[in-house]
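# can't give you the sequence, but here's the structure:
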């Protein structure tokens, strides 16, 4: 795995401060992306890698990481009783997402996805996620995505429902 | 489709300038993400949506967009003779990726992926991509990802090969 | 590609007549699975392979072939005006599927999926499909799946709708 | 979930004995496909469903089941030390696969995949798998696939390696 850590080591060069778009976190402190420790995340969801997650290069394809993000957040919200994907009047739409890759994940590893709420708006939630392979202490990848909650029918943004706010509370510890 | 444009209209609020991480493009001009027109992209690759790309909400799942990015760039490079995914001595590793979603894509649409090189380093390429559904003039989604080219064996970053530079040239027009 | 044709050559041994479950077609003539020619299929749908379709072994993963089947049949039915996946009162549920693999498919090939109706019941349709890579004359894989059409709400089998029967007619030529 | 059991109840009609291809098991006893109990399978692998496994109809798409099969068998073999997917001299190629669907699986369920070896040849293994959602006693789906083991380089079938035979032994109990 150390092999593919090198490009990460090279990442700052590849993503100069001139491209703050490269910033995985909001606070100036880490303008340069860096792997985060498990301690940054208040909750975790475990997801098994699948044979076909590995691409030709023998590692979990970069696309699959976003499926881990989606799965971790939605499963957490469903388990917390804050999301009814079949009949809920309010649904979360992803309006932006991003990921920084620091090391490889590979089948048959188990992935532990750390969840944190980085920011909240009236209708939106910025989630920060870290993906940890097996017992790794540092995240192999760190991502963010923004959910805007809308009325299922009109698709107009709505204020975050009470039950959602209650479910998010444990994810909002200071990082 | 206009329905899911609304959350996009709401996106600036969801992604204040204070989060430049939300910026899909490098130049200050578009600090706020916005759908881009086809004219921004010098080359296109067509990809058919698949039944299972649609998620429970009836639209192409946000994860799949990254598969379109990967596919469009790699197919372009292979067709240009600049990438040998099986035996090439140099391979591109994705160290970061991001996407902004403005409107829905849905099976059975054809997706036209516009490609542009936004930035180049010694070992890295920042690609900007726009995804257009069928005949749409504005992108349903705009993404970026950064490839760092490394030696297949050592995984150490290497200078971009000549053939890659030649293949990238047509993608580097000013936007 | 010839490489992975060998296991196919070995397939009869691997699937003795004692396992008719191995039979991809209904008529005794081909009790042993064999690659079928394009001429067997009255209609085709073209699907682009994607970078992540390739697995660690450098070929389209065996799972993806079923996505091609699903996509080819559903797209054909939608284009024929016989399927409204969002609001239709009748939906097709897959109750069984199978595939025989004869040769490899690999990104960035285009896949041409041949469609044929092998059998029809009151509520069910047996589709036979052949997947052809680029200009290949013989199918790299041949599959079947059975759709049972049910009422969207009750999920009870219903007689095949008129519009579906009309759309299926061109797929029912003798093989 | 009982809803989508109905099409399964209808399956025999949809798959007359005239199409033994529909038979998920080798012994005449169950010429008609039927959900199998956990007791049929000597070993299990647990796999988490993912958000995007659910298709437009709100259930795990039929394609994904094959990914569960692939994942369960390969993870079992890797854990048993019988498969080195990166450097092994021998690899297993899937030459045929099939699945019967009896009930729905849906995110966020955990899937327990039961494994059994139904048949063995000199170079091939017929696996039978059952997919159980959460605590279900009967399989939501039953599948089979045939691995032919080949030399990684020549892709010629080879005799099953000793370590593989040892790993398969626990899966070969009488059903």
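Nice, I can see it. The model shown is predicted, which means the values in this text are computed figures rather than measured ones.
# what is the neighbour count of the residue lying closest to residue A:123 once chain neighbours are set aside?
Once flanking residues are discounted, residue A:123 sits nearest to residue A:157: 3.8 Å by CB to CB, 6 or more residues apart in numbering or on different chains. Backbone N, C-alpha and C define where each C-beta goes, glycine included. Applying other CB atoms under 10 Å in any protein chain shown, we find 24 other residues in the vicinity of residue A:157.
# once you drop chain neighbours, what's closest to residue A:41?
Nearest to residue A:41 is residue A:114, by CB to CB, 6+ apart, at 2.7 Å.
# any chance of the backbone angles for the residue most central in space within chain A?
In chain A, the residue lying closest to the centroid (CA atoms, centre = their mean) is residue A:129, at 3.0 Å. For residue A:129, the backbone dihedrals (degrees, to the nearest 10) come out as phi -130, psi 150.
# okay, it and chain C: tell me how far apart.
20 Å (CB to the nearest CB, to the nearest Å).
# so that residue touches residue A:74, yeah?
No. Using CB atoms under 8 Å, residue A:129 makes no contact with residue A:74, being 12.0 Å away.
# so what's the residue nearest to the centre of chain A bridging to?
On the basis of DSSP bridges, residue A:129 is bridged to residue A:115, residue A:143.
# same thing with residue A:120?
Going by DSSP bridges, residue A:120 forms beta bridges with residue A:125.
# burial of it, as a residue count?
With other CB under 10 Å as criterion, residue A:120 counts 14.
# check contacts around it.
Residue A:120 sits next to A:126, A:160, A:168, A:172 when contact means CB atoms under 8 Å, 6 or more residues apart in numbering or on different chains.
# find the nearest non-adjacent residue to the first one, please.
Right, the one you point to is residue A:126. residue A:119 (3.8 Å).
# do the same with the second one
The spatially closest residue to residue A:160, leaving aside those adjacent along the chain, is residue A:149, at 5.8 Å (CB to CB, 6+ apart).
# wait, the one you found touches residue A:94, no?
No. Counting by CB under 8 Å, residue A:149 stays clear of residue A:94, with 11.1 Å between them.
# quick revisit: among the contacts of residue A:120, which lie within helices?
Counting by DSSP state H, the contacts of residue A:120 place residue A:168 in helices.
# TSV for the contacts of residue A:120, including neighbour count and pLDDT?
Compiled in TSV, these are given as follows (neighbours: other CB atoms under 10 Å in any protein chain shown; pLDDT from 0 to 100):
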residue	neighbour count	pLDDT
A:126	21	97
A:160	21	95
A:168	19	96
A:172	15	94
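# return the member of the contacts of residue A:120 nearest to residue A:153.
Set against residue A:153, the nearest of the contacts of residue A:120 by CB to CB is residue A:160 (17.8 Å).
# surely the closest one touches residue A:147?
No. Counting by CB under 8 Å, residue A:160 does not reach residue A:147; the two are 9.4 Å apart.
# and chain D, is the longest helix belonging to chain A touching that?
In chain A, with assignment by DSSP H, the single longest helix is helix A:64-79. Yes. Counting by CB under 8 Å from any CB of the partner chain, chain D is contacted by helix A:64-79 at A:67, A:68, A:70, A:71, A:74, A:75, A:78, A:79.
# of those residues, which is the most crowded?
Of the residues of helix A:64-79 next to chain D, with other CB under 10 Å as the count, residue A:68 tops at 27 neighbours.
# gap between it and residue A:55?
15 Å (CB to CB, to the nearest Å).
# quick check on residue A:52: phi, psi?
phi -80, psi 0.
# in contact with it, which residues?
Here residue A:52 is in contact with C:52, C:55, C:61, C:63, C:64, D:67, D:70, D:71 (CB under 8 Å, 6+ apart).
# strands along chain A, start to end?
A:43-48, A:90-101, A:110-120, A:124-133, A:141-151 (DSSP state E).
# can you lay out those strands as a markdown table showing distance to residue C:142?
Output for these, formatted as a markdown table (distance: least, CB to CB, whole Å):
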| stretch | distance to residue C:142 |
| --- | --- |
| strand A:43-48 | 31 |
| strand A:90-101 | 38 |
| strand A:110-120 | 35 |
| strand A:124-133 | 38 |
| strand A:141-151 | 39 |
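# chain center to stretch A:144-161: distance?
18 Å (CA atoms, centre = their mean, to the nearest Å).
# same check, this time on stretch A:57-75
9 Å.
# let me see the mean pLDDT of it.
Average pLDDT, stretch A:57-75: 96.
# so residue A:57 touches residue B:91, yeah?
Yes. If you go by CB under 8 Å, residue A:57 and residue B:91 touch, sitting 6.4 Å apart.
# give the full set of residues in contact with the residue nearest to residue A:41.
A:36, A:38, A:40, A:41, A:43, A:44, A:129, A:130, A:131, A:132, A:139.
# repeat for residue A:56
B:85, B:86, C:54, C:55, C:56, C:58.
# ranking by neighbours, what's the top pick from the residues you listed?
residue C:54 (27 neighbours).
# near chain D, which residues of chain A show up?
A:46-48, A:50-52, A:54, A:58, A:67-68, A:70-71, A:74-75, A:78-79, A:85-86, A:107-108.
# tell me the spacing between residue A:92 and chain C.
In terms of CB to the nearest CB, residue A:92 sits 20 Å off from chain C.
# now that residue: closest residue in space that isn't a chain neighbour?
Per CB to CB, 6+ apart, closest to residue A:92 is residue A:147, 3.7 Å.
# that neighbour: neighbouring residues, count only.
24.
# contact partners for it?
So residue A:147 contacts A:73, A:92, A:93, A:94, A:95, A:124, A:125, A:127 (CB under 8 Å, 6+ apart).
# which residues does it bridge with?
Beta-bridge partners of residue A:147, as defined by DSSP bridges: residue A:94, residue A:125.
# what does the one 10 residues further on give?
Using DSSP bridges, the bridge partners assigned to residue A:157 are residue A:150.
# look up how far residue D:40 lies from it.
50 Å.
# wait, does stretch A:96-107 contact chain B?
Yes. Using CB under 8 Å from any CB, we find that stretch A:96-107 touches chain B at A:96, A:97, A:98, A:99, A:100, A:101.
# and the gap between the second one and residue D:143?
Distance from residue A:97 to residue D:143, counting by CB to CB: 33 Å.
# repeat that for the fifth one.
Residue A:100 sits at a distance of 37 Å from residue D:143 (criterion: CB to CB).
# who's more crowded, these two?
In this view residue A:100 and residue D:143 are compared by other CB under 10 Å, and residue A:100 has more residues nearby, 28 against 25.
# ok, and the closest non-adjacent residue to the more buried one?
Closest to residue A:100 by CB to CB, 6+ apart is residue A:33, at 4.1 Å.
# next: residue A:42.
Leaving aside its sequence neighbours, residue A:42 sits nearest to residue A:173 (CB to CB, 6+ apart; 5.0 Å).
# please apply the same query to residue A:166.
Per CB to CB, 6+ apart, closest to residue A:166 is residue A:82, 7.0 Å.
# equivalent analysis for residue A:59, please.
Residue A:59 sits nearest to residue A:104 (CB to CB, 6+ apart), 4.0 Å away.
# count of residues packed around the one you found?
23.
# for residue A:122, same thing?
Residue A:122, neighbours per other CB under 10 Å, totals 13.
# which residues sit in contact with the nearest residue to residue A:131 once chain neighbours are set aside?
Closest residue to residue A:131 in three dimensions, ignoring its sequence neighbours and counting by CB to CB, 6+ apart: residue A:141, at 4.5 Å. Residue A:141 makes contact with A:65, A:99, A:100, A:101, A:102, A:103, A:105, A:130, A:131, according to CB under 8 Å, 6+ apart.
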